[in-house]
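# below are the sequence and a predicted model; questions follow.
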Amino acid sequence: MHLRFARTLSRLRHEKGVSQRQAAQELGVSQALLSHYENGIREPGLAFVVKACDYYQVSADYLLGRSARWTETQGEATWPQRDSGTLLQTADALSQVCVDLCRREPELGLLFRRLAGQMSKQLGKGEEETGD
């Protein structure tokens, strides 16, 4: 986990355009400690992960390399490399979250069904275009 975290943490700081010194100050750690996190020498505690998520405006899953980040400016999702087993587990977990959420908030069921229908249509178009 920590090498993926280290690369993501460093990349986010560069994308934000701030120095390591400035980021460390705003995150409440020393520059040396932030450097250790960014280089994978040390792993942070949960409190730092939460602060970093807030500071860089990303989810903990993204920061830890467990999910995609939607890049609104590019209009695309960027995904960490995953094997098909991991993707299947993620899809199953997401499906279960949707089912649970729909039980608690029935009006969301219609929204999820519409979204799933649109995704199916898009996937069908993609297969027609590629001849799959």
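Here it is on my side, so go on.
# when you work out contacts or count neighbours from here on, use the C-alpha atoms and nothing else.
Noted.
# for Gln22, give its distance to Gln31.
Gln22 sits 8 Å away from Gln31, going by C-alpha to C-alpha, to the nearest Å.
# so for these two, which residue has more residues nearby?
Gln31 (17 against 14; other C-alpha atoms under 10 Å).
# that one contacts Glu38, doesn't it?
No: using C-alpha atoms under 8 Å, Gln31 makes no contact with Glu38, being 10.4 Å away.
# which positions within stretch 50-65 qualify as buried?
Residues 52-53, 59-60, 62-65 are the ones in stretch 50-65 that count as buried (16 or more other C-alpha atoms under 10 Å).
# with respect to Glu105, which of these is nearest?
Ser59 (23.3 Å; C-alpha to C-alpha).
# now do the SS call for the residue nearest to the closest one when sequence neighbours are not counted.
Among residues not flanking Ser59 along the chain, Cys53 sits closest, at 5.8 Å (C-alpha to C-alpha, 6 or more residues apart in numbering). What DSSP: H, G, I helix; E, B strand; the rest coil gives for Cys53 is helix.
# what sits against Cys53?
59-60, 63 (C-alpha atoms under 8 Å, 6 or more residues apart in numbering).
# ok, now which ones touch the residue lying closest to Tyr55 once chain neighbours are set aside?
Nearest residue to Tyr55 in three dimensions, chain neighbours excluded: Leu27, at 7.4 Å (C-alpha to C-alpha, 6+ apart). Residues near Leu27 by C-alpha under 8 Å, 6+ apart: 48, 51-52, 55.
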